[in-house]
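# Please work out how this folds:
(one chain, ligands or ions: 2)
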Amino acid sequence: MEIKIKPGAVKGTVMAPASKSVMQRACAAALLKGGETVIRNYGRSNDDQAALQIITDLGATVNYTDDDTLTISSAGIKAAGSVIHCGESGLSVRMFTPIVALLDRPMTITGAGSLLTRPMSFWDTLLPQLGVVAASDKGCLPLQVQGPLQPADIHIDGGLSSQFLTGLLFAYAGAGASGKRIVVEGLKSRPYVDLTLKIMKDFGLPAPVNQQYESFYFPEQYEKSDVPRKVDFTVEADWSSAAMLMVAGAIAGSVTVKGLDVFSEQADKKVLEALQDCGCHLSIQVDEVTVRKNNLKPFHFDATHCPDLFPPLVALAACCAGTSVIEGVDRLVHKESNRALTLQEEFGKMGITITLQDDKMLIKGGAIRGAVVHSRHDHRIAMACAVAALAADGPVLIEAAEAVSKSYPRFFDDLESLATA
Ligand SMILES: O=C(O)C1=C[C@@H](OP(=O)(O)O)[C@@H](O)[C@H](O)C1
Ligand SMILES: C=C(OP(=O)(O)O)C(=O)O
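Ligands and ions are numbered 1, 2, ... in the order given. Predicted coordinates for the structure are as follows:
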């Protein structure tokens, strides 16, 4: 699908979509908790649908109650088939792999698109330490696993992705880990682990003690949770998607994003710091944020623990008078695309110069040219190009724009609703 974005001002209010990071975790938690779970404001992205399909294939029943609500019923993990399909979701494959390995039978875990080339060799070395026979295909999907996983004291590397740890924390809880410790070296994307722990607690799962992100300890005895067996859970709005809309406001008019929780654990809430630093008008209420255009000055931002902010912040930096610096480039290699390179190449087509220097990205703000760009099948590249197009000197045609459905299927409708001409 090709989408043409015409430059122009934006003005209006948009309700942020549900967070896929929260929705997918809620699916895992509902499966492991058992009993009935009501999920309100459920996510509709492709990644959310992948998670719902996975828990269905692991024995849960999903019923759509109304337009906003679904109910998950689970009687523990049971697989009817032997293949689990994770679509294109990195979180789903990494979170559900150790959960699938709780089963005492051979299972195949696979996926599609960019997920087929993302690194999974972590499991080849880690799962055998937990009594699981595991084999990837030369470090990639499909993965073959045969459990049951038995929690043990382990030492892992947290530098590549936090998602492996998220999966292990859920699986340890599901296996009733007691007196077991996961020691983590160099954990990145830390707020995502906070989100995991929060959702575990919301669902009454036994959560470990977080010892300064260096070790996660499952005590021998837990305080009994007072969370009822039936959980009624509302999926928060997504700060990652909202960041795109806020940047649209900062560079091209005025946008209010509603539904956001300013007390959220979500990593990408940190976008507010960059918006503050670049000098746009910012009004932050408890559940909405308004961003208005102003003369924008360059900013310096560390995205090591919130890597998904690179694409919207590159669009923002392209409109700042000077060179902005974003740190944490190493975190981008294994996303849906190699995002540092795809940002450099696609923004280059729009006349924006991006230099990669060690772990830093330098974005020289300047005139944005109308151009033909390609999403590279990466949702955040498609959205970032669309937002930057608002400030271009001519239309920007985005090829393979359907990529946005991975996280934000309504993105182009919402952007269009903000157009003033
Ligand atoms: O746990 C999550 O929901 C996510 C964690 C992050 O990945 P890494 O931990 O690999 O950085 C982020 O980039 C991804 O979009 C979602
Ligand atoms: C990297 C992302 O997601 P995942 O790793 O879950 O595929 C993303 O949404 O930008």
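# what's near enough to touch Ser178?
By C-beta atoms under 8 Å, 6 or more residues apart in numbering, Ser178 lies in contact with 151, 218-221. C-beta here means a position set from N, CA and C on the backbone, and glycine is covered the same way.
# whoops, I mixed them up, Glu336
88, 90, 113-114, 376-381, 403, 406.
# can you give me the helices in this structure?
20-33, 46-57, 90-100, 121-126, 163-174, 190-202, 239-252, 271-278, 310-318, 339-349, 379-389, 411-417 (DSSP state H).
# among those, which is nearest Val184?
Of all the helices of the chain, it is helix 163-174 that lies closest to Val184, at 6.1 Å by C-beta to C-beta.
# tell me which parts of the chain are close to ligand 2?
Neighbours of ligand 2 within the chain, by C-beta under 6 Å from any ligand atom: 89-91, 308, 335-336, 380, 407.
# By neighbours, which of these wins?
Counting neighbours by other C-beta atoms under 10 Å, the top entry in the residues of the chain next to ligand 2 is Arg380, with 30 neighbours.
# got the contact list for it?
Going by C-beta under 8 Å, 6+ apart, the list of residues near Arg380 reads 240, 308, 310-312, 335-336, 339, 407.
# Now pLDDT too, for those, in CSV please.
Formatted as CSV, the contacts of Arg380 follow (pLDDT from 0 to 100):
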residue, pLDDT
Ser240, 98
Asp308, 98
Phe310, 98
Pro311, 98
Pro312, 98
Lys335, 96
Glu336, 95
Arg339, 98
Ser407, 98
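# Tabulate the residues you listed in JSON lines, adding columns for distance to Glu346.
Formatted as JSON lines, these follow (distance: C-beta to C-beta, whole Å):
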{"residue": "Ser240", "distance to Glu346": "19"}
{"residue": "Asp308", "distance to Glu346": "16"}
{"residue": "Phe310", "distance to Glu346": "12"}
{"residue": "Pro311", "distance to Glu346": "10"}
{"residue": "Pro312", "distance to Glu346": "14"}
{"residue": "Lys335", "distance to Glu346": "14"}
{"residue": "Glu336", "distance to Glu346": "13"}
{"residue": "Arg339", "distance to Glu346": "10"}
{"residue": "Ser407", "distance to Glu346": "18"}
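# Quickly name whichever of these is closest to Arg292.
Once C-beta to C-beta is applied, the member of the contacts of Arg380 that ends up nearest Arg292 is Pro312, at 16.4 Å.
# wait, what's in contact with the closest one?
Remark: with contacts taken as C-beta under 8 Å, 6+ apart, Pro312 is in contact with 243-244, 246-247, 271, 380, 383-384, 387.
# if you set the cut-off to 7 Å instead, what comes out?
Counting by C-beta atoms under 7 Å, 6 or more residues apart in numbering, Pro312 touches 243-244, 247, 271, 384, 387.
# Any stretches of this protein with poor pLDDT?
Within the chain, the ranges that satisfy pLDDT under 70 run 222-228.
# on that earlier part again, possible to save the helices of the chain as TSV with distance to Arg331?
Formatted as TSV, the helices of the chain follow (distance: least, C-beta to C-beta, whole Å):
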stretch	distance to Arg331
helix 20-33	15
helix 46-57	19
helix 90-100	12
helix 121-126	16
helix 163-174	12
helix 190-202	12
helix 239-252	14
helix 271-278	16
helix 310-318	8
helix 339-349	9
helix 379-389	13
helix 411-417	23
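# export these to a markdown table and tack on distance to ligand 1?
Listed next are these as a markdown table, based on distance: least, C-beta to the nearest ligand atom, whole Å:
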| stretch | distance to ligand 1 |
| --- | --- |
| helix 20-33 | 3 |
| helix 46-57 | 9 |
| helix 90-100 | 4 |
| helix 121-126 | 11 |
| helix 163-174 | 5 |
| helix 190-202 | 4 |
| helix 239-252 | 7 |
| helix 271-278 | 14 |
| helix 310-318 | 10 |
| helix 339-349 | 10 |
| helix 379-389 | 9 |
| helix 411-417 | 15 |
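# quick one: which of the ones you listed is nearest Asp157?
Of all the helices of the chain, it is helix 121-126 that lies closest to Asp157, at 7.8 Å by C-beta to C-beta.
# which residues sit against that closest one?
Against helix 121-126 from outside (C-beta under 7 Å, 6+ apart): 97, 134-136, 139, 143, 154, 156, 160, 164.
# so, in contact with ligand 1 or not, stretch 107-117?
No: for stretch 107-117, no contact with ligand 1 is found by C-beta under 6 Å from any ligand atom; the gap never falls below 12.3 Å.
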